[in-house]
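Student: Turn this into a model:
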Amino acid sequence: MTKDLLEKLGFKCEYLEKSQRIFTKNKLIFIKKDLFASDILAISKEKIIFIQVKGGKKKTGIDIKKAIQEFKKYPFPDCVDRWIVIWREREKEPTIIDLKEVQ
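Tutor: Below you'll find the model as predicted:
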């Protein structure tokens with residue numbers, strides 16, 4: 001949904017979530033990791049945006065602070081935007097938190 005929304009706004013997008021399989025102690029374990037604390041990278045001629053997507057019910061709290069802390073682990077230049085896109089249950093449009101406005 002987020003990728004579709006961004007593509008309609010003119011961005012080219014790629015997923016940044018990496019999946020790995022690890023075989024240990026006779027078990028196969030699947031691990032997912034977000035590259036640069038992001039699920040999606042969106043680019044246009046004007047912007048580069050690293051995006052963390054969150055979802056949840058209206059009454060359930062989403063850990064936005066954790067997403068912000070994850071973004072802070074990387075040395076993003078000022079010209080790069082970082083967004084947290086929140087999709088709430090039964091809402092047609094997401095809430096977008098631009099970290100440039102938060103900090």
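Student: Okay, now the unreliable bits of the protein?
Tutor: 57-61, 103 (pLDDT under 70).
Student: Name every strand pairing with the helix or strand encompassing Phe23 and say which way it goes.
Tutor: Assigned by DSSP states H and E, Phe23 belongs to strand 17-24. Applying DSSP bridges, strand 17-24 is found paired with strand 27-34 (antiparallel).
Student: Let's see the strand it pairs with as PDB, backbone CA atoms only.
Tutor: Provided in PDB are the C-alpha atoms of strand 27-34 (Å, rounded to 0.1, in the frame of the first residue of the first chain):
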ATOM      1  CA  LYS A  27      16.900 -25.900  12.700                       C
ATOM      2  CA  LEU A  28      16.200 -23.500   9.800                       C
ATOM      3  CA  ILE A  29      15.600 -20.000  11.100                       C
ATOM      4  CA  PHE A  30      14.200 -17.100   9.000                       C
ATOM      5  CA  ILE A  31      15.300 -13.600  10.000                       C
ATOM      6  CA  LYS A  32      14.100 -10.300   8.500                       C
ATOM      7  CA  LYS A  33      16.100  -7.100   8.800                       C
ATOM      8  CA  ASP A  34      15.400  -3.600   7.700                       C
END
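Student: Now the nearest residue to Lys3 once chain neighbours are set aside: phi and psi?
Tutor: Of all residues not flanking Lys3 in the chain, Cys13 sits nearest, at 4.7 Å (C-beta to C-beta, 6 or more residues apart in numbering). From N, CA and C alone the C-beta is placed, and that goes for glycine too. The phi/psi pair for Cys13 (degrees, to the nearest 10) reads phi -130, psi 150.
Student: tell me the contacts of Ile31?
Tutor: The contact partners of Ile31, taken as C-beta atoms under 8 Å, 6 or more residues apart in numbering, are Ser19, Gln20, Arg21, Ile22.
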